[in-house]
Structure formats: structure tokens, C-alpha cells
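# pasting a predicted model and its sequence here:
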Amino acid sequence: LADRDGKIWMDGQMVDWRDAKIHVLTHTLHYGCGAFEGVRAYETADGTAIFRLQEHTDRLFNSAKILRMQLPFSKEELNEAQRAVVRENNLASCYLRPLVWIGSEKLGVSPKGNRVHAMVAAWAWGAYLGEEGMKRGIRVKTSSYTRHHVNITMTQAKASSNYTNSILANMEATDDGYDEALLLDSAGFVSEGSGENVFIIKDGVVYTPDLSAGALNGITRNTVFHICKDLGLELVQKRITRDEVYIADEAFFSGTAAEITPIRELDRVQIGSGSRGPLTEKIQSAFFDIVNGRNPQYAHWLTKV
Ligand SMILES: Cc1[nH+]cc(COP(=O)(O)O)c(CN[C@@H](CCC(=O)O)C(=O)O)c1O
């Protein structure tokens with residue numbers, strides 16, 4: 001990803017892609033205390049627009065607050081940086097990665113006195129879990145790694161350091177021939193995927209783990225809440241067990257990168273028909289209508305670049 005043409009917004013300046021470098025003694029590189037966002041821009045009939053930009057920027061600032069990082073830029077500056085990066089790279093649709101990190105003034109556990117930096121990059125990124133998976137559903141394995149306990153890492157922060165847990169879970173699952181991992185919390189209840197929130201559907205009711213299971217408060221998860229309301233589907237947040245997933249009629253992941261990705265089996269147990277379920281398809285279709293600007297009710301969620 002490092003060797004390409006383009007521009008990256010870095011600490012207030014638009015720099016050439018290949019020049020967007022940091023020193024090897026950068027504090028976050030060693031200790032992982034940084035925060036990031038995953039944001040998507042979609043091509044609408046009215047031009048390219050970033051989906052729920054403000055919510056993502058709000059979460060980035062909340063993540064930084066939780067990590068006791070004082071950001072040197074305002075929310076407005078970060079919003080404008082994201083719009084500019086999409087324009088500067090002439091991207092009709094893309095994935096944006098804002099990142100904030102702690103600089104290289106000194107090492108040692110305490111980063112006090114180190115400068116806090118910010119950057120935004122954007123690039124074209126298709127179906128996170130594959131086009132086929134979006135239609136047919138993917139194969140998921142319950143991870144042998146436990147999702148963070150809510151007081152071991154800060155699960156409402158999209159913190160870089162939280163992702164070693166995700167990386168290991170995802171690599172174990174794909175090494176075992178699956179598409180993604182599903183992590184349980186320290187009490188054994190379903191939490192989320194390595195990079196997604198999870199939903200199941202049973203007898204027409206949509207369920208998702210409540211946030212006490214350590215899942216990130218996903219913006220796409222929240223978008224699904226609105227879609228369920230629009231479709232007249234009851235949505236319940238509750239503790240979910242792995243065997244409730246086995247006997248569900250449908251299941252899917254939600255995320256900015258993953259969008260709405262159906263799950264067709266967990267641990268080689270087929271879920272429902274073993275393919276994308278009918279309600280999942282309705283939710284997925286409603287999602288793409290919204291992000292592509294075809295649903296005027298959600299025009300306020302789209303920020304033109
Ligand atoms: C752990 C986790 N849980 C839930 C979500 C869904 O949150 P939201 O995007 O606000 O609906 C994401 C986003 N994962 C981001 C990073 C993916 C990556 O590979 O990096 C993303 O989807 O952009 C997570 O990383």
C-alpha cells in the first residue's frame with residue numbers, strides 16, 4: 001500500500017503518498033497507543049459522498065479521549081481533511097483511514113510530552129470479505145482467542161492496540177480455512193468478529209450482542225438499527241450464546257469495510273438455508289440504497305466531498 005501515487009493528509013499538510021513516513025522510534029509503533037477510523041465514501045448520483053462522516057470523527061475523538069490523547073486538530077479540520085483527501089486522489093468511491101498516533105520525542109511507557117500526530121489516507125477498497133461472500137455468505141469459526149474484557153482494554157476506543165486480538169483471531173480462522181473469526185467475551189458470550197459487529201435473526205426478530213460483551217459500538221451496527229425500524233423488524237440487544245448462532249435462521253456481519261456480509265455457517269454448522277437469508281438480503285439492499293444516496297430519508301448521513 002506504501003508504493004503508489006497520490007496524496008495523504010498528514011499533520012495539516014497534503015503530502016505525496018510515498019513521503020508520508022514516520023520515525024522508527026515513534027511511540028505508537030512500539031506500544032500501540034493510537035486510534036483510527038475506517039470510513040467509506042460512495043459514488044452517488046449527486047457526486048461522491050462520505051457516509052456518516054461526523055459519527056466517525058466523533059468516535060475518533062472519543063477514542064483519543066479514552067486514550068488520554070490530546071488531538072492537535074479540531075473535528076472540523078479532520079472532516080475537511082477527509083473530504084480533501086478524497087478529492088485530491090480523484091476517488092469516486094473509496095475507503096478512508098484517519099489515524100492519530102504519538103510521536104518519537106521519547107520512549108518509555110509514559111508518552112507524556114510526546115507530540116500527537118494525525119493523518120488521513122484514502123484508497124479504493126471493494127468487498128472486504130469478498131464479492132462472493134456478500135451474496136452467498138461466508139464461513140466463520142468461533143475463535144480460540146477471547147475478545148477483550150471491557151476493563152482490560154478500552155473496547156469503546158477504536159484503539160490500534162486492540163487489534164492484535166483481532167489479528168490473531170482472524171489469522172487463526174483463515175489458517176483453518178474459514179473466512180473470518182467470531183470472538184466470544186470472557187464470560188463465553190458472543191462479542192463480534194475480528195473487524196465487524198454480528199447480528200442473528202430468529203423467527204423474524206433481529207438480535208445483536210449488547211455492548212457489555214466488548215464489541216465496538218459500530219456505526220454500521222447503528223445504521224442497521226435504523227434499517228430494522230424502517231423495515232418494521234424488532235431489534236433486540238442481548239447476551240447471545242454461540243449455540244444461538246447455530247440455530248439462528250440467518251446471521252450477518254456489519255462494518256464499514258465489511259458493509260453487510262451474510263454468514264452462512266459457524267464452526268461448520270450451517271445457519272438456516274446455508275446462504276444469505278431473505279431478511280439479511282433486505283437489510284443489505286436497504287443499506288446500499290442508503291450509502292449510495294438512493295434513500296432521501298438519510299441524505300443527512302452523506303457529506304459530499
Ligand atoms: C472490532 C470491530 N468491531 C466492529 C466494527 C464495525 O464498526 P463500524 O465500522 O463503525 O460499523 C469494526 C470496524 N472495522 C474497521 C476496520 C477494518 C480493518 O480491517 O481495518 C472497518 O470496518 O473499517 C471493528 O474493527
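Great, that's in hand.
# can you list the residues of the stretch 201-305 of the chain near the ligand?
Proximity of the stretch 201-305 of the chain to the ligand, by CB under 6 Å from any ligand atom, involves residues 215-216, 218-221, 254-258. Backbone N, C-alpha and C define where each C-beta goes, glycine included.
# quick one: which two of those residues are the most distant?
The largest separation in these, counting by CB to CB, is between Ala215 and Ala257 at 15.4 Å.
# name the helix or strand of this structure that has the lowest mean pLDDT.
helix 131-136 (a mean of 94; mean pLDDT, DSSP states H and E).
# what's next to that one, contact-wise?
Contact partners of helix 131-136, identified using CB atoms under 8 Å, 6 or more residues apart in numbering, comprise 127, 179, 259-262, 264, 275-276, 284.
# residue of the chain nearest the ligand, please.
Gly38 (1.8 Å; CB to the nearest ligand atom).
# now for the residue nearest to that residue when sequence neighbours are not counted: which residues touch it?
Nearest non-adjacent residue to Gly38, counting by CB to CB, 6 or more residues apart in numbering: Thr256, 4.3 Å away. Residues near Thr256 by CB under 8 Å, 6+ apart: 38-40, 51, 56, 95, 219-220.
# 7 Å instead?
By CB atoms under 7 Å, 6 or more residues apart in numbering, Thr256 lies in contact with 38-40, 219-220.
# and the contacts of helix 131-136 as a markdown table, adding distance to Glu250, neighbour count and secondary structure?
Formatted as a markdown table, the contacts of helix 131-136 follow (distance: CB to CB, whole Å; neighbours: other CB atoms under 10 Å; DSSP: H, G, I helix; E, B strand; the rest coil):
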| residue | distance to Glu250 | neighbour count | secondary structure |
| --- | --- | --- | --- |
| Ala127 | 19 | 14 | coil |
| Asp179 | 17 | 22 | coil |
| Glu259 | 16 | 21 | strand |
| Ile260 | 11 | 24 | strand |
| Thr261 | 12 | 28 | strand |
| Pro262 | 7 | 24 | strand |
| Arg264 | 9 | 22 | strand |
| Ser275 | 10 | 16 | coil |
| Arg276 | 8 | 23 | coil |
| Gln284 | 11 | 22 | helix |
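# and the furthest pair within those residues?
The distance between the two most remote of the contacts of helix 131-136 (CB to CB) is 17.3 Å, for Glu259 and Ser275.
# okay, now the residue nearest to His149 when sequence neighbours are not counted: neighbour count?
Closest residue to His149 apart from its sequence neighbours, by CB to CB, 6+ apart: Ser186 at 4.6 Å. Using other CB atoms under 10 Å, Ser186 is surrounded by 15 other residues.
# is it true that Ser186 touches Thr146?
Yes. If you go by CB atoms under 7 Å, Ser186 and Thr146 touch, sitting 5.5 Å apart.
# tell me which residues of stretch 235-242 come out buried.
235, 240 (16 or more other CB atoms under 10 Å).
# strands along the stretch 201-305 of the chain, start to end?
Counting by DSSP state E, counting those that start in this stretch, the stretch 201-305 of the chain has strands at residues 205-209, 235-238, 250-255, 259-266, 269-270, 302-304.
# tell me the average confidence for the shortest one?
Confidence over strand 269-270, taken as the mean pLDDT, stands at 98.
# neighbouring strands - and their directions - for that strand?
Partners of strand 269-270 in the sheet, by DSSP bridges, are strand 259-266 (antiparallel).
# state the mean pLDDT of the partner strand.
98.
# what does stretch 140-150 give?
In this model, stretch 140-150 carries a mean pLDDT of 97.
# buried residues, that stretch. List them.
The neighbour-count check on stretch 140-150 (16+ other CB under 10 Å) flags 140-143, 145-148, 150 as buried.
# same deal with stretch 216-227?
Neighbour-count burial for stretch 216-227, with 16+ other CB under 10 Å as criterion, is recorded at 216, 218-221, 223-224, 226-227.
# now, these that are in helices?
The helices, defined by DSSP state H, take in 219-221, 223-224, 226-227 from those.
# got those residues as CSV, with pLDDT and distance to Leu235 columns?
Below are these laid out as CSV (pLDDT from 0 to 100; distance: CB to CB, whole Å):
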residue, pLDDT, distance to Leu235
Ile219, 99, 16
Thr220, 98, 14
Arg221, 99, 10
Thr223, 99, 12
Val224, 99, 8
His226, 98, 10
Ile227, 99, 9
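# could you dump the residues you listed into a markdown table with distance to Lys75 added?
Below are those laid out as a markdown table (distance: CB to CB, whole Å):
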| residue | distance to Lys75 |
| --- | --- |
| Ile219 | 15 |
| Thr220 | 20 |
| Arg221 | 22 |
| Thr223 | 20 |
| Val224 | 25 |
| His226 | 22 |
| Ile227 | 26 |
